[in-house]
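Enquirer: this one's sequence-less:
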């Protein structure tokens, strides 16, 4: 596990980025909406219930991997992830409190604390850290916002420990999906445009039915240093640069229903980052290549998973590969232009499965090909070098 992780760090180090992002994942047993207990997956195999020994092993392996990035002079970013151990479900619909113990442990115990302690072991004065408490847990954040709020000072304290780290160098964030922010509000279409157009109507009909703590959400967003957005851009062929702001506009729209003003928070000094971004080229069930290039562009969050096989490589289709290159080229221009009115601090590409255009994941290539694209790798290296000066 550590060797695989270190090889991915080595791959990421070639991209001239200023920070390396880690997405450590803890698993849980339960359903789409309920969490019964946590577990640590052993590579691709069994999932062990937490105990003192495997929590320490998880912490030590993660710290060893992070050390590789710090030794190379990179800053550290963490996006804490929680996945279902039994089957694919979206954590945005999972109803849980991060401080409630399940099977003897809470999310704070097995996700936040080990990851924050791993960061503490390796960072040194001058290393900047962005630690994002979650990824796409809208239902939990909207119901238990005040419990998530408790994790902000806890996480900073664990990361800083007794080290002489500047307060400004240890930042904590919260990250939600670009739409369906609250996790509770349901729609009869997955179309992002449909959801945006009908959000007000559905909010008025449904919000009163659910236990959302909107005042707590406002307090949480005021307390964090970084606002993250999972923003796989639903687009179309030949799109213009300004279309890349669409997911952020949707996010801004939905947050406003909690009384959260995204642009005002950015003006106040909070950093806005896209926590996850990419293009998958697959179908909704993850079992096939998208049937048309229009489907590739319109549903970027659909992709294919390991092991790699040429039969499930969308990018062997010339049209699909050309669109992916166009997406990266337009995004680089958009970033260089300031990302319009959003003053985006950066984008973290999802480098796993068929989304991994950059060849970061150790299993992205196989004997018969790769999901990575050398042209895109060169494009990203050049962009980062120009922006970061390294």
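Expert: Everything's here; your move. Computed from a prediction, not measured in an experiment: that's the story for all the values here.

Enquirer: Residue 26 in helix, strand or coil?
Expert: strand (DSSP: H, G, I helix; E, B strand; the rest coil).

Enquirer: sorry, that was for residue 206
Expert: Per three-state DSSP, the secondary structure class of residue 206 is helix.

Enquirer: burial of it, as a residue count?
Expert: 14 (other CB atoms under 10 Å). Quick note: C-beta positions are derived from backbone N, CA and C, even for glycine.

Enquirer: Equivalent analysis for residue 312, please.
Expert: Residues lying near residue 312 (other CB under 10 Å) number 21.

Enquirer: Surely residue 376 is in contact with residue 358?
Expert: Yes - proximity of residue 376 to residue 358 meets the contact threshold set by CB atoms under 8 Å, at 6.8 Å.

Enquirer: higher neighbour count, those two?
Expert: Between residue 376 and residue 358, residue 358 has the larger neighbour count (other CB under 10 Å), namely 25 against 21.

Enquirer: Secondary structure element holding that one?
Expert: Under the criterion DSSP states H and E, no helix or strand holds residue 358.

Enquirer: same deal with residue 219?
Expert: helix 214-223.

Enquirer: List the contacts of that helix.
Expert: Under the criterion CB atoms under 8 Å, 6 or more residues apart in numbering, residues 141-142, 144-146, 148-149, 152, 174, 227, 255, 257-260, 265 lie in contact with helix 214-223.

Enquirer: Quick one: buried ones out of the residues you listed?
Expert: Neighbour counting with 16 or more other CB atoms under 10 Å marks 141-142, 144-145, 148-149, 152, 174, 227, 255, 257-258, 260, 265 as buried within the contacts of helix 214-223.

Enquirer: thinking again about what came up before, list the buried residues of the helix holding residue 219.
Expert: 216-218, 220-221.

Enquirer: What helices and strands are in contact with whichever helix or strand comes after that helix?
Expert: Downstream of helix 214-223, the next assigned helix or strand under DSSP H and E is strand 226-230. Applying 3 or more CB pairs under 8 Å, 6 or more residues apart in numbering; DSSP states H and E, we find strand 226-230 packed against strand 129-132, strand 170-177, helix 246-255, helix 262-267, strand 271-277.

Enquirer: as a whole number, average confidence for the shortest one?
Expert: Summarised as a single mean, pLDDT over strand 129-132 is 98.

Enquirer: Kindly report the same for the longest one.
Expert: The average pLDDT for helix 246-255 rounds to 97.

Enquirer: can you list contacts of it?
Expert: With CB under 8 Å, 6+ apart, helix 246-255 has contacts from 176, 178-182, 192, 195-196, 199, 221, 229, 231-235, 261-263, 272, 339, 342, 344.

Enquirer: before we move on, what about the first one?
Expert: Contact with strand 129-132 is made by 19, 75-80, 115-116, 119, 123, 155, 159, 169-175, 225-226, 228, 271, 273, 275, as judged by CB under 8 Å, 6+ apart.
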